[in-house]
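Peer 1: Here is my input, please return the structure:
(4 chains)
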Amino acid sequence: MKLYEFQGKGLFARYHIPTPKGKMAENVNQALDIIKNSKLPVVVKAQVLTGGRGKAGGVKLVRSLDEANEVVNSIFGLDIKGYKVKKVLIEEGLEIKKEIYLSFLMNRNSEKITLITSGEGGMEIETVAKEKPEAILKVDIDPLLGIKSYHITSVFDHLHISDRELQKQFTDIIKKMYKMVTELYLNLVEINPLVIIKGNRILALDSKVIIDDNGVGFIKDFDAFKNYDDLTPEEITAKENGLSFVKLNGNIGCIVNGAGLAMATMDMIKHFGGEPANFLDVGGSSNPEKVINAIKIIRKDKNVKVILFNIFGGITRCDDIANGIKKAVEILDIKLPLVIRLTGTNEKEGVDILRSLGLETTTSMQKAVKKAVSLIGE
Amino acid sequence: MKLYEFQGKGLFARYHIPTPKGKMAENVNQALDIIKNSKLPVVVKAQVLTGGRGKAGGVKLVRSLDEANEVVNSIFGLDIKGYKVKKVLIEEGLEIKKEIYLSFLMNRNSEKITLITSGEGGMEIETVAKEKPEAILKVDIDPLLGIKSYHITSVFDHLHISDRELQKQFTDIIKKMYKMVTELYLNLVEINPLVIIKGNRILALDSKVIIDDNGVGFIKDFDAFKNYDDLTPEEITAKENGLSFVKLNGNIGCIVNGAGLAMATMDMIKHFGGEPANFLDVGGSSNPEKVINAIKIIRKDKNVKVILFNIFGGITRCDDIANGIKKAVEILDIKLPLVIRLTGTNEKEGVDILRSLGLETTTSMQKAVKKAVSLIGE
Amino acid sequence: MAILLNKNTRVIVQGITGRDGSFHTRMMKAYGTNIVGGVTPGKGGETIEGIKVYNTINELKNKHEVDASVIFVPPKFSVDAIWEAVEANIKLIVIITEGVPVNDMLKIKNYIKGKNITIIGPNCPGLITPNEAKIGIMPGNIFKKGNIGVISRSGTLTYEVVYSLTNAGYGQSTVIGVGGDPIIGSRFIDLLQHFKNDDETEAVVLIGEIGGSDEAIATEYIKKEFNKPVVAFIAGKTAPKGKRMGHAGAIVSGAEETAQAKIEFLRKNKIPVAELPQEIPEILKNTL
Amino acid sequence: MAILLNKNTRVIVQGITGRDGSFHTRMMKAYGTNIVGGVTPGKGGETIEGIKVYNTINELKNKHEVDASVIFVPPKFSVDAIWEAVEANIKLIVIITEGVPVNDMLKIKNYIKGKNITIIGPNCPGLITPNEAKIGIMPGNIFKKGNIGVISRSGTLTYEVVYSLTNAGYGQSTVIGVGGDPIIGSRFIDLLQHFKNDDETEAVVLIGEIGGSDEAIATEYIKKEFNKPVVAFIAGKTAPKGKRMGHAGAIVSGAEETAQAKIEFLRKNKIPVAELPQEIPEILKNTL
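Peer 2: Residues are numbered from 1 along each chain as shown, chains lettered A, B, ... in the order given. Predicted coordinates for the structure are as follows:
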């Protein structure tokens, strides 16, 4: 789960990682009030769950009250990669001497916690990796051992930081970020840029924090910073009902058990000339409720013209799914045609249940997909 | 370094491990005052850095004020295995339902942190090991992983603790003890007995804590519970001067570099019919001061009739030792004969220095030891 | 011979008293798996599906020899369950549980290095050696003894492929679902090494998906060291970038993590890739 | 061949800029040890005894191949220095430092299991293969090339014994001081396994002391599996119980940890034990 910049900085504050002074505003008037009561210049920063807001005009300096109105209005009017700006963070303007990139991530490839740093702060790390790879230092940290002094020494060497006082502040920030990563189950914590300002103080000017979806259940006060703002309302409903759902642009709704099979189903629809309307995994151990919720979510999308079930029973039992469909048919007024592929654990029981409702099934995925595509053609 | 019961309980309090209510007294009057102001019965417990105080009469119940005077006086008058009682702990008397033995130790053999528990609380664990070994459960804990729920489950199984509320308290105590072990560099933390009292509360009735000598430098507020009460004044002086010294009962003082060689020197003195007066290791990287301090400490022992140096230079340089002896001879009025064995790193330089003082040396350990023994005979 | 699992493998079930644990214990037993005991803390002494339950693995090990454990414990308790199996030095640990935190898996993976312990999963369907034994939740009836090894990042997609293989007459030596999480106990490359040394396996089917680089790493390995035919399928050609597709590990975070990039890289290295899962038997026929 | 160390072994010195580090770097170089670099954080770029200093091992490893490291770092920084060497996967790590906390050594020992890393020490004099190389602080001049392996818990007592051996004409294959702490990287049994496979070693001298049970464990191993003559010496017959005799590990905490008990157990298992260190050559003569 991605956090907003201001949420990430809230966590930084909790871990005593220094950030600029700043305040949140949720509308133009609030923002102008804050600016009026601030020492200028200030920076107004759009809060959106995507990168590239700088280029999109989402971060602007306000040097005088005259400028404030225009800047604030322009930012609240933005739509950045599909995300409307609903909140801005207003921070003190700072005199920056040096910008650094610093992050920790759970590294799938090395299977370590990897510290990444570069002296090219402010640039996207992917860009630096492409254009100036030697500027990047990666330090793999064994999570059994944690971060040690020699890891930090190599960071100083790479960044040419030799001032003792700076080293002390930097060490402190690095250790606290590492602590955050382990205690809050983070997939990523990124400060870009981490800045050295006048007076040799180090501050986190930005924050990017991604929490491991599997970890959120283990964080004590997770609700304090939970947000679903990068999900559509349907995706939120799905999540709350234990379903994996991603909206796509086609017209064949899919209900599949298993993520891999769900993707293969989408791919096959495309292969046979159709367009999938969604990814939906009803998961293992399905109870009938899940099927009902899945149908509810899918038919909210008015593009959907047919619902395709692709069930291969393993931990999911075919009779559970069939019972779900049965209940759904009973409760909901389903107008869309249902194409059902059902095979695997308790297949016979499931087929019998559906047959009693007059619903046909097939054991072949290809047949089902072709049929769904052909129904669109009609 | 061993801690007193009351010091160990001070640490328990810091880690929120429950103990009985109690107060310290350093003399008879203090003790009687405390008892007067306490709800009876109370238990008066001698504070000494050795085991077996119970058998020696160092732990007594006071049921009425009439008994108090006699009990307190008798305990303050005790000498337990050479330790005079200078402090007592006065604790509330409790109604005990069950006594348990529980400890964690750094295990040299398994190279793990080992939890040891037994339902035979109150008995010395060595005795239980001999008489009823099946009553003891040992659980090896990998210090990289720490204590886990299944370790604790096996403790409950062994002790037949199935009450949920008791399990909760017990789990809490076990986890806190483990935390103490790792944070305070303990070689041992033992609670014997850990008691379940009326109302199903669990309390640590006693404490035994040994801190790793190598760890004390890493504990932040170590000074708060430092004590040298199990050392003689000479041993304390030695420790403060970076020397390893143990007093023995013979008359040949030994100054040796290296613990193994020092022991072998003692053994050889005995082998040739003499009696060593001490173990003394001047350590590596010796500076001259160490030699002077070593001589000062040894000659405080009036039994000592001769001082034997046995130096085999490695990290210790012979010239450093020789310079130390030279300074000592210059500063101190040494009446005792010196027998000097000197060989190894910078041997020639060392021998030259001593020769200039008119001191003879040998390169043979046996010759030196025999000479020292023969000097006693004269 | 097959790999990792046969009918003699002595298996225990952690979380045997739960709904899934008990159901699949019955299914595994019915398939022929040699289940010697179960573990659920606090339920020691009970009997589930004829299998004795213990409070801890150590207690169980006083009574039984153990070669493998399968973990059905819910996420909250799963991490300790995995450590318990690791500390008990069980050589094959299969984690069915979905929802194990990534940083715990990182610790576990780093800990077992050099310890000769194989972990499969988490978030996986388990593995099966047809006609011998299965560990996990795969539906036994679709498998057939034979000479094709299957390694897959997906559960149900595996069944789909195996169903086609079996229908086309291709039996399987061992089929393993490695799990859909970003950090998994055994990656493609680890299992290919097993299949390389297995006489019974004549060819391997790899079922990959978007996210991560396990397919690319496997491709490099196959090119250099693997001496048997491999056929691949990669799911997720229609998956949008940056969106998690069900599996925690199925998310495209770089251009090389798309299905298209993986397919290209495989084909560039002469490993055939099926367009549809059901085409795999046909491609195998041309390869063997 | 000797064990663990020869003249080609590429050695680095951690803590090379300190008083002991620099002095012994000079001594090791003079003896013939192939020292390729030194590490002291913050001193990178300096040169000590002709050896280049780096801030970190990783930086050093960009320039040099490394087989072994010797650590002279003071206690406060020694733990991180050891971890640095372990994480850099250096195969032989010799810790001279006295004062490494026991619980850190426990973690380190558990971590290196299965990783093919040998640690000697802490609180040890190091090791030497005469006429080839030495790592640590032993005075090179007393050693002589030959066929006796020596393993010892004590530093100076080792020199004493070696001095007698050399004077009696018995050269040494490799001499190792394992260190005086309760938890050490290599115990007697670990090194006996090396000597067993070393063609150059014809007999082994074991120098033990009070405390712990490494001598007893070694005795069992020698009885069962070791095929070369062993002569032992145990220091501390006159040591009182419960008092630490210098070494953190030299403390009697049970009846089986006394010198007498160890000597008895060795003799019971037909391993000769010298009364005085200087008697060892004579006993060897009767054994070989």
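Peer 1: Work out which residue lies at the spatial centre of chain C.
Peer 2: Central residue of chain C (C-alpha atoms, centre = their mean): C:Gly177, 2.9 Å from the mean position.
Peer 1: List the residues that contact A:Ser74.
Peer 2: A:57, A:60 (C-beta atoms under 8 Å, 6 or more residues apart in numbering or on different chains). Placement of C-beta: from N, CA and C, glycine included.
Peer 1: Mark out where each domain of chain C begins and ends.
Peer 2: C:1-123, C:139-288 (automatic domain parsing).
Peer 1: Ok, which of the ones you listed comes nearest chain D?
Peer 2: When those are compared by C-beta to the nearest C-beta, domain C:1-123 sits nearest chain D, at 2.8 Å.
Peer 1: what's the average pLDDT for that closest one?
Peer 2: Across domain C:1-123, pLDDT averages out at 96.
Peer 1: Contact residues of the stretch 251-378 of chain A facing chain C?
Peer 2: Residues of the stretch 251-378 of chain A lying close to chain C by C-beta under 8 Å from any C-beta of the partner chain are A:256-264, A:266-271, A:276, A:279, A:281, A:284-285, A:312-316, A:343-345, A:365-366.
Peer 1: for C:Lys63, phi and psi?
Peer 2: Main-chain torsions, C:Lys63, degrees, to the nearest 10: phi -110, psi -30.
Peer 1: Pull the contacting residues for the nearest residue to it once chain neighbours are set aside.
Peer 2: Using C-beta to C-beta, 6 or more residues apart in numbering or on different chains and skipping the chain neighbours, the partner closest in space to C:Lys63 is C:Gly37 (7.1 Å). Applying C-beta under 8 Å, 6+ apart to C:Gly37 gives the contacts C:12-13, C:51-54, C:60, C:63-64, C:66.
Peer 1: Export the residues you listed as CSV, with columns for secondary structure and neighbour count.
Peer 2: Output for the contacts of C:Gly37, formatted as CSV (DSSP: H, G, I helix; E, B strand; the rest coil; neighbours: other C-beta atoms under 10 Å in any protein chain shown):
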residue, secondary structure, neighbour count
C:Ile12, strand, 25
C:Val13, strand, 32
C:Ile51, strand, 20
C:Lys52, strand, 16
C:Val53, strand, 21
C:Tyr54, strand, 25
C:Leu60, helix, 22
C:Lys63, coil, 11
C:His64, coil, 13
C:Val66, coil, 21
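Peer 1: sorry, back to before: give the bridge partners for the residue nearest to the centre of chain C, please.
Peer 2: For C:Gly177, the beta-bridge partners are C:Gly126, C:Ser152 (DSSP bridges).
Peer 1: So it versus B:Ile315, what's the distance?
Peer 2: C:Gly177 sits at a distance of 59 Å from B:Ile315 (criterion: C-beta to C-beta, to the nearest Å).
Peer 1: Equivalent analysis for A:Ala204, please.
Peer 2: 47 Å.
Peer 1: What's the end-to-end length of stretch A:353-361?
Peer 2: 11 Å (C-alpha to C-alpha, to the nearest Å).
Peer 1: Need phi/psi at A:Val189.
Peer 2: Dihedral angles (degrees, to the nearest 10) for A:Val189: phi -130, psi 120.
Peer 1: and it, how many neighbours does it have?
Peer 2: 27 (other C-beta atoms under 10 Å in any protein chain shown).
Peer 1: which residues touch it?
Peer 2: A:Val189 neighbours (C-beta under 8 Å, 6+ apart): A:8, A:103-105, A:177, A:180-181, A:207-209.
Peer 1: list the buried ones in stretch A:107-120?
Peer 2: By neighbour count on 16 or more other C-beta atoms under 10 Å in any protein chain shown, the buried set for stretch A:107-120 is A:107-108, A:111-120.
Peer 1: hang on, I meant stretch A:260-279
Peer 2: In stretch A:260-279, counting by 16+ other C-beta under 10 Å, buried: A:260-271, A:274-279.
Peer 1: and the stretch 51-200 of chain C, which residues reach chain A?
Peer 2: C:75-76, C:96, C:98-103, C:106-107, C:109-111, C:125, C:137-139, C:142, C:152-160, C:163, C:180-183.
Peer 1: I'd like to know which of those are part of helices.
Peer 2: Of the positions in these, C:75-76, C:102-103, C:106-107, C:109-111, C:156-160, C:163 sit in helices, assigned by DSSP state H.
Peer 1: rewinding a little: now, among the contacts of C:Gly37, which is nearest to chain A?
Peer 2: Among the contacts of C:Gly37, and counting by C-beta to the nearest C-beta, the member closest to chain A is C:Val13, at 14.3 Å.
Peer 1: so where do the helices sit in the stretch 51-200 of chain A?
Peer 2: Taking DSSP state H, counting those that start in this stretch as the test, the helices found in the stretch 51-200 of chain A are A:65-76, A:125-131, A:149-159, A:164-183.
Peer 1: residues contacting whichever residue of chain A sits closest to chain B?
Peer 2: Using C-beta to the nearest C-beta, the closest approach of chain A to chain B is made by A:Leu144 at 5.3 Å. Residues counted as contacts of A:Leu144 (C-beta under 8 Å, 6+ apart) are B:144, C:107, C:110-111, D:111.
Peer 1: so what's the residue lying closest to A:Ile191 once chain neighbours are set aside up against?
Peer 2: Nearest non-adjacent residue to A:Ile191, counting by C-beta to C-beta, 6+ apart: A:Ala204, 4.5 Å away. Applying C-beta under 8 Å, 6+ apart, one finds that A:Ala204 lies in contact with A:9, A:12, A:17-19, A:173, A:191, A:194.
Peer 1: try 10 Å this time
Peer 2: A:Ala204 makes contact with A:5, A:8-9, A:12-13, A:17-20, A:102, A:173, A:177, A:189-195, according to C-beta atoms under 10 Å, 6 or more residues apart in numbering or on different chains.
Peer 1: Which among those count as buried?
Peer 2: Counted by 16+ other C-beta under 10 Å, the contacts of A:Ala204 give A:5, A:8-9, A:12, A:17, A:19-20, A:102, A:173, A:177, A:189-195 as buried.
Peer 1: so of the residues you listed, which ones are in strands?
Peer 2: Among the buried ones among the contacts of A:Ala204, the ones falling in strands (DSSP state E) are A:102, A:189-195.
Peer 1: Can you tell me which of those is nearest chain C?
Peer 2: A:Val189 (12.2 Å).
Peer 1: just checking, C:Ala30 touches C:Ala133?
Peer 2: No - taking contacts as C-beta atoms under 10 Å, C:Ala30 lies outside contact range of C:Ala133: 11.2 Å.
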